[in-house]
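K.L.:
Need coordinates for the below:
(one chain, ligands or ions: 1)
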Amino acid sequence: MSAPEISIEATGLTKVYGPLTAIDEVSFEVEKGEVLGFLGPNGAGKSTTMRILCGLVRATSGSASVGGISVVEHPEKVKRLVGYMPEHNPLPEELRVVEYLRYRARLKGMETREGHHRAEEVMELCDLHRKARRQIIGSLSKGFRQRVGIADALLTHPEVVIMDEPTIGLDPHQTKIIRDLINNRRGQMTFVLSSHILPEVELCCDRLLIINQGRIVAKGTSESLRQEYIPAQVFRVKVRGDIEELTKVLREIDSEMEVSALLEKDKEGFHDISVKTLDRSITGEQLLTAILKRDSWRVREITEVQASLEEIFLAATKRSWEETLSRKPVYSDHLRSTKMNTIE
Ligand code: ADP
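P.N.:
As a prediction, the model looks like this:
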């Protein structure tokens, strides 16, 4: 099997603003066609990293390339390869959607005829081609404005699309439209998007990069991050039977298993119990087989409880703090808050 083609490569990217290190030795790769999510609280360094990759901000040190072209040496070439949607996209309120996209195409160096053609194509892709095309941008809803931003980012057929908080402030319906847009291009374009909305990132992205205080604290698929940071496996079981006896039976599978009843019994005598084990090879089927050995016991439901991304984020940042604190003394007034502003 041939090695995957690398679309973005960042090595030791660091950006210093006066006394502040906005990003610190950030290194990662993105394969062609992959959707990578940057996850982190406000101020973590997501936008700075994205702006460096787009050739809009110069890194203090480190290197990055897009499509094999160095961002530092050829920022103008890189700008043509990358479609960028900034978090606060200033749109001219008085222009119509179609006028704006044609204008942007001209700014991006396209001939009039090509620009008009591409504007039509991206309006269709972003579902702006019907009524919305003639609407004044100032009268558009937030969801439509985001779509105009994405249409703009797609104008030049970019190899890479970088979107800073593309779903911020959108309702679930509008968010789904953006997600579908990404899904329809998955595998054809490389996407990097940032968000602090955890379930959103998980739904959209093939791989995640968790950033906190300018540093990458974890990277991987949501599944691999779960395994790395949340060692325990938890099952919920709705069962009728004596809890003490049940615990004994389950501990025959794993002597360390933690069993706890979550709620009072329901009218039919069923308990909701939580079964926690550090042995990730244990399956729901094994629990079921063990419980059903007793004729009088009944099971209504077994579900594996997935750790949320929020738990992963907190575990990853906690571990990174512990590692930092064990390396060098840090004074508390130097520490920025790791709290996520909005977790939806
Ligand atoms: P995020 O996108 O994760 O919210 P940013 O990359 O915007 O984070 O910011 C990272 C840090 O760098 C923040 O502390 C921010 O205030 C600082 N920062 C970003 N841009 C500038 C700038 N132009 N001048 C000074 N500080 C900046």
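K.L.:
can you tell me if stretch 21-29 touches the ligand.
P.N.:
Yes. Counting by C-beta under 6 Å from any ligand atom, contacts between stretch 21-29 and the ligand involve A22. C-beta here means a position set from N, CA and C on the backbone, and glycine is covered the same way.
K.L.:
same check, this time on stretch 164-183
P.N.:
No. Applying C-beta under 6 Å from any ligand atom, one finds stretch 164-183 separated from the ligand by no less than 6.9 Å.
K.L.:
Of all the residues in that stretch, which ones are buried?
P.N.:
D164, E165, P166, T167, I168, L170, Q174, T175, I177, I178, L181, I182 (16 or more other C-beta atoms under 10 Å).
K.L.:
ranges for the strands of this structure?
P.N.:
6-17, 20-31, 35-39, 61-66, 69-70, 82-85, 160-164, 190-195, 207-212, 215-220, 233-240, 258-261, 271-277, 298-305 (DSSP state E).
K.L.:
Could you pull up the contacting residues of the residue nearest to the spatial centre of the chain?
P.N.:
What sits nearest the mean C-alpha location of the chain, by C-alpha atoms, centre = their mean, is V201, with 2.9 Å. Residues in contact with V201 (C-beta atoms under 8 Å, 6 or more residues apart in numbering) are G37, L39, L193, S195, L208, L309.
K.L.:
out of everything not next to it in sequence, what's closest to it?
P.N.:
Residue nearest to V201 in three dimensions, not counting chain neighbours: G37, with 4.0 Å by C-beta to C-beta, 6 or more residues apart in numbering.
K.L.:
same thing with G284?
P.N.:
Excluding the flanking residues, the one nearest G284 by C-beta to C-beta, 6+ apart is I302, at 4.3 Å.
K.L.:
got it, and Q188?
P.N.:
G33 (6.5 Å).
K.L.:
just to revisit the earlier point, can you redo the strands of the chain as JSON lines, where the extra columns are mean pLDDT and distance to K108?
P.N.:
What follows is these, written out as JSON lines (pLDDT from 0 to 100; distance: least, C-beta to C-beta, whole Å):
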{"stretch": "strand 6-17", "mean pLDDT": "96", "distance to K108": "20"}
{"stretch": "strand 20-31", "mean pLDDT": "96", "distance to K108": "23"}
{"stretch": "strand 35-39", "mean pLDDT": "93", "distance to K108": "23"}
{"stretch": "strand 61-66", "mean pLDDT": "96", "distance to K108": "16"}
{"stretch": "strand 69-70", "mean pLDDT": "95", "distance to K108": "17"}
{"stretch": "strand 82-85", "mean pLDDT": "93", "distance to K108": "10"}
{"stretch": "strand 160-164", "mean pLDDT": "94", "distance to K108": "14"}
{"stretch": "strand 190-195", "mean pLDDT": "92", "distance to K108": "19"}
{"stretch": "strand 207-212", "mean pLDDT": "92", "distance to K108": "28"}
{"stretch": "strand 215-220", "mean pLDDT": "93", "distance to K108": "31"}
{"stretch": "strand 233-240", "mean pLDDT": "92", "distance to K108": "50"}
{"stretch": "strand 258-261", "mean pLDDT": "91", "distance to K108": "58"}
{"stretch": "strand 271-277", "mean pLDDT": "93", "distance to K108": "54"}
{"stretch": "strand 298-305", "mean pLDDT": "91", "distance to K108": "48"}
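K.L.:
Mind listing what's buried along stretch 61-75?
P.N.:
In stretch 61-75, counting by 16+ other C-beta under 10 Å, buried: G62, A64, S65, V66, G67, I69, V71, P75.
K.L.:
can you tell me how far the second one sits from T221?
P.N.:
Right, the one you point to is A64. Distance of A64 to T221, computed by C-beta to C-beta, to the nearest Å: 23 Å.
K.L.:
same question, the first one
P.N.:
Taken as C-beta to C-beta, the spacing of G62 relative to T221 amounts to 25 Å.
K.L.:
State the pLDDT value of S296.
P.N.:
pLDDT recorded at S296 is 88.
K.L.:
In terms of secondary structure, what does the longest helix along the chain contact?
P.N.:
Counting by DSSP state H, the longest helix found in the chain is helix 309-327. Other helices and strands packing on helix 309-327, by 3 or more C-beta pairs under 8 Å, 6 or more residues apart in numbering; DSSP states H and E, are helix 198-204, strand 207-212, strand 215-220, helix 222-229.
K.L.:
Alright, I will stop here.
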